[in-house]
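**Q** from the sequence below, what's the structure:
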Amino acid sequence: MTPDRVDRYLARIGYDGSRDPTLETLRTLHLAHLYSVPFENLDIHWGQRIVLDEDVLFRKIVEARRGGFCYELNGLFAVLLSALGFDVTMLSARVVNSEDVPGPEFEHMALLVAVEGAHWLADVGFGESSRWPLDLAARREQASEVNLDHVYRIGESNGVMTMSHRSSGGEWRRGYLFTLVARELADYEPMCVVQQTSPDSHFVRHTVCSLATSDGRKSLSADRFIVTRSGGRTEREVSPTDWNRVLLQEFGIEAPAGHPRP
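**A** As a prediction, this is how the structure comes out:
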């Protein structure tokens, strides 16, 4: 990533702090990204192919001020971190569904960042990811100084790591399983095609646009706008004629001309 692109990316996420590759920089970048770039799958419902290419991702996320799903968000974030001098590795993860069953390899991308003598799990492309990177070696509950309603922990068994999470007063739930095998962006391409074309894919069956906030999260589905705030939740129906307005007002995304609600 060129210095000019680094500048534009950092402006996109509203970051003007230190660029030194330290843990504090990583934490602040991670949080700024989650607050600025939505997790969304709108291209699938707008009939636009998702391509895992650095130039394409930069144009979409930075220049067009869009979001994306895990391969796009973590894929481009990895390029930014590398350009800033961080040691970054892409990891393959298997998302655990509501029945506690893990999905296939490469279903999700997470990042391993080595900094200040430790390894950290960074993830700006998962709905229940921590606001700060997680200490990979710690086997205790972990929480950031923001969004304290959620805590996380890392487990390990026979070389397979687990990221688990729970909300305040809730039960622990496995988020995804992963190994520390280094991957490349191209390794995710086959599963990226499946995610955007298979009738069994969650992303094909459901529309999502979601953004972390300082005290919770806001999300737009096919017909609902949902806001969670410090454990509370509000929900309202969004009509087809109002959907594009909410998308632009709440997430800064303008639907392509002629595209109604997905």
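
**Q** who touches the residue nearest to the spatial centre of the chain in this structure?
**A** Nearest residue to the geometric centre of the chain (CA atoms, centre = their mean): Gly125, 1.2 Å. Contacts for Gly125 (CB atoms under 8 Å, 6 or more residues apart in numbering) come out as 39, 68-74, 77, 108-110. Yep, even glycine has a C-beta here, placed from its N, CA and C like the rest.

**Q** narrow the residues you listed to those in helices?
**A** Assigned to helices by DSSP state H, the following of the contacts of Gly125 qualify: 70-74, 77.

**Q** mind putting these into TSV with distance to Asp55 and pLDDT?
**A** TSV is the format used below for the ones in helices among the contacts of Gly125 (distance: CB to CB, whole Å; pLDDT from 0 to 100):
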residue	distance to Asp55	pLDDT
Cys70	19	97
Tyr71	15	98
Glu72	13	98
Leu73	16	98
Asn74	17	98
Phe77	16	98
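
**Q** can you list those in CSV and add neighbour count?
**A** Shown next, in CSV, are the ones in helices among the contacts of Gly125 (neighbours: other CB atoms under 10 Å):
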residue, neighbour count
Cys70, 24
Tyr71, 24
Glu72, 27
Leu73, 24
Asn74, 29
Phe77, 26
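
**Q** so which of those residues comes closest to Arg94?
**A** Cys70 (12.2 Å; CB to CB).

**Q** can you verify my assumption that the closest one contacts Ser129?
**A** No. The criterion here is CB atoms under 8 Å, and Cys70 misses it with Ser129 at 9.5 Å.

**Q** buried ones in stretch 161-180?
**A** Residues of stretch 161-180 classed as buried: 161-166, 174-178 (neighbour count, 16 or more other CB atoms under 10 Å).

**Q** ugh, wrong one, I meant stretch 184-201
**A** Going by neighbour count (16+ other CB under 10 Å), the buried part of stretch 184-201 is 185, 187-189, 191-192, 194-196, 201.

**Q** please flag which of those residues sit within strands.
**A** Nothing among these maps onto strands, per DSSP state E.

**Q** I'd like to know which of the residues you listed is nearest to Glu63.
**A** Distances from Glu63 to the buried residues of stretch 184-201, taken as CB to CB, are shortest for Leu185 (18.9 Å).

**Q** is it true that the closest one touches Met90?
**A** Yes. Leu185 sits in contact with Met90 when judged by CB under 8 Å, with a separation of 6.8 Å.

**Q** between these two, what contacts are shared?
**A** Gly75.

**Q** circling back: tell me the two of the buried residues of stretch 161-180 that are most distant?
**A** Using CB to CB, those reach their maximum pairwise distance at Arg166 and Phe178, which is 18.6 Å.

**Q** would you map the helices across the stretch 1-150 of the chain?
**A** Assigned by DSSP state H, counting those that start in this stretch, the helices in the stretch 1-150 of the chain fall at 3-12, 23-36, 42-45, 54-58, 70-83.

**Q** so which of these gets nearest Gly216?
**A** helix 23-36 (11.6 Å).

**Q** by contact count, what packs against the closest one?
**A** Here helix 23-36 touches helix 70-83, strand 108-115, strand 118-122, strand 209-213, going by 3 or more CB pairs under 8 Å, 6 or more residues apart in numbering; DSSP states H and E.
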